[in-house]
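Pasting a predicted model and its sequence here:
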Amino acid sequence: MSKKENGLLKKFAVTAAIAGAACAAAGSAFIEQFLSKKGIKKLAAKGGFTSPEEMECFINSEEAIAGTEFYRKMVYRDIFTFNKHSKCLHAIFYDAPEESDVFVISCHGFMGDPTQNKTYIKHFYEMGFNILLPYLRGHGKSEHNYCTMGWLDRLDIIDWIEYIRDLNPKAKIILHGVSMGAATVMMTTGEELPDNVVCCIEDCGYTTLWDEYSVQLKELYNLPSDIVLNILNPIFKMTLGFDIKSASALKQVKKSKTPTLFIHGDKDAFVPFWMNYPLYQNASCEKERLVVPGAHHAASVYLCPELYWNTVTEFIKKYI
């Protein structure tokens, strides 16, 4: 090799190293801003990605106000268990109004916590059920420092299922989740679950993490999603312990044996409505689908409460 060629090779190597370092720094910054516990708390304080018009629905609709009143007057218990890696898992728990073998595990969305599900808590409580609401990873009282968008949370939900079975071996367990929480419970159903898990209700969950990030990178930041995600993927593996492509609710529902109700608003742009159909179509379990006309992201229960709860109630009755 000539001196000139050797010099060019060195320059290329230096340029590649600089580019690689820049990509790694950008990937780490993304994770710290959007998936670290501290970053999520800052995002939530700024209002996240919800428009003022959408926030009005979550705060001032009749359903939202009723849920808030219920939360303020009802007493819950803080509970905890340990996962297989000796990490403490935290949740809040509402005892049923009367003794019941039915338990709901209800999972919150991104930037939320169990209180985000207060409207759902109210209705499940009025249906006579016990309700367990976990703090998902990277949120609230969770002792995990990073959010995993439901993928590793699915393993924690299995630990909560075992917690309930220890409380009541005859328990009939309903999985429920909204947005990221919906992805979490769908991902859970792809695992081997005990017969105690009788059904699942997912509300506006995403197909895969790759799909969801692709949508957001394009819509919010006008970035080339495949390029950005391929840069991020090694940082995901190193920091979070899995790659973006593995986090797939679509893959999990193909293995599911848990009867599932798939709910989505047809005006949802954050987790686009189109994601609902492939999830429903590919699910290998008994299944039903509810499309709520005019509802944006996570707003179905507030916009059409009668349709929502009639459908949910009739679905649950089949399995308990």
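The structure has been received and is ready for your questions.

can you give me the strands for this structure?
Remark: strands assigned in the chain by DSSP state E are 77-82, 88-94, 102-107, 130-134, 172-178, 197-203, 260-265, 287-292.

Is it possible to get these out as JSON lines so that each row also shows distance to Lys41?
In this view, the C-beta of every residue, glycine as well, is placed from N, C-alpha and C. Shown next, in JSON lines, are those (distance: least, C-beta to C-beta, whole Å):
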{"stretch": "strand 77-82", "distance to Lys41": "19"}
{"stretch": "strand 88-94", "distance to Lys41": "16"}
{"stretch": "strand 102-107", "distance to Lys41": "19"}
{"stretch": "strand 130-134", "distance to Lys41": "18"}
{"stretch": "strand 172-178", "distance to Lys41": "20"}
{"stretch": "strand 197-203", "distance to Lys41": "24"}
{"stretch": "strand 260-265", "distance to Lys41": "27"}
{"stretch": "strand 287-292", "distance to Lys41": "30"}
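
Of those, give the one that comes closest to Glu306.
Nearest to Glu306, of all the strands of the chain, is strand 287-292, at 11.1 Å by C-beta to C-beta.

so what's Ile174 up against?
Taking C-beta atoms under 8 Å, 6 or more residues apart in numbering, we find Ile174 in contact with Val102, Phe103, Val104, Ile105, Phe129, Val198, Cys199, Cys200, Ile201, Ile316, Tyr319, Ile320.

Among those, which one has the most neighbours?
Ranked by neighbour count (other C-beta atoms under 10 Å), the contacts of Ile174 have Cys200 at the top, with 29 neighbours.

looking at it, that one is touching Thr260, isn't it?
Yes. Counting by C-beta atoms under 8 Å, Cys200 touches Thr260, with 4.4 Å between them.

Show me the residue sitting in the middle of this structure in space.
Met180 (1.8 Å; C-alpha atoms, centre = their mean).

Quick check: it vs His144, distance?
For Met180, the distance to His144 equals 14 Å [C-beta to C-beta, to the nearest Å].

quick one: Ile59 from Glu98, how far?
According to C-beta to C-beta, Ile59 and Glu98 sit 31 Å apart.

The two: which has the busier surroundings?
Ile59 (11 against 6).

tally of neighbours for Thr115?
For Thr115, the count of nearby residues is 15 (other C-beta under 10 Å).

Now it. Nearest residue, chain neighbours left out?
Distance criterion C-beta to C-beta, 6 or more residues apart in numbering; nearest residue to Thr115, sequence neighbours excluded, is Tyr71 at 6.2 Å.

what about that neighbour, distance to Met180?
Distance from Tyr71 to Met180, by C-beta to C-beta: 20 Å.

quick one on the thing from earlier: using TSV, lay out the contacts of Ile174 together with distance to Leu250 and pLDDT.
Shown next, in TSV, are the contacts of Ile174 (distance: C-beta to C-beta, whole Å; pLDDT from 0 to 100):
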residue	distance to Leu250	pLDDT
Val102	29	98
Phe103	27	98
Val104	24	98
Ile105	21	98
Phe129	29	98
Val198	23	98
Cys199	19	98
Cys200	15	99
Ile201	18	98
Ile316	24	98
Tyr319	23	98
Ile320	27	96
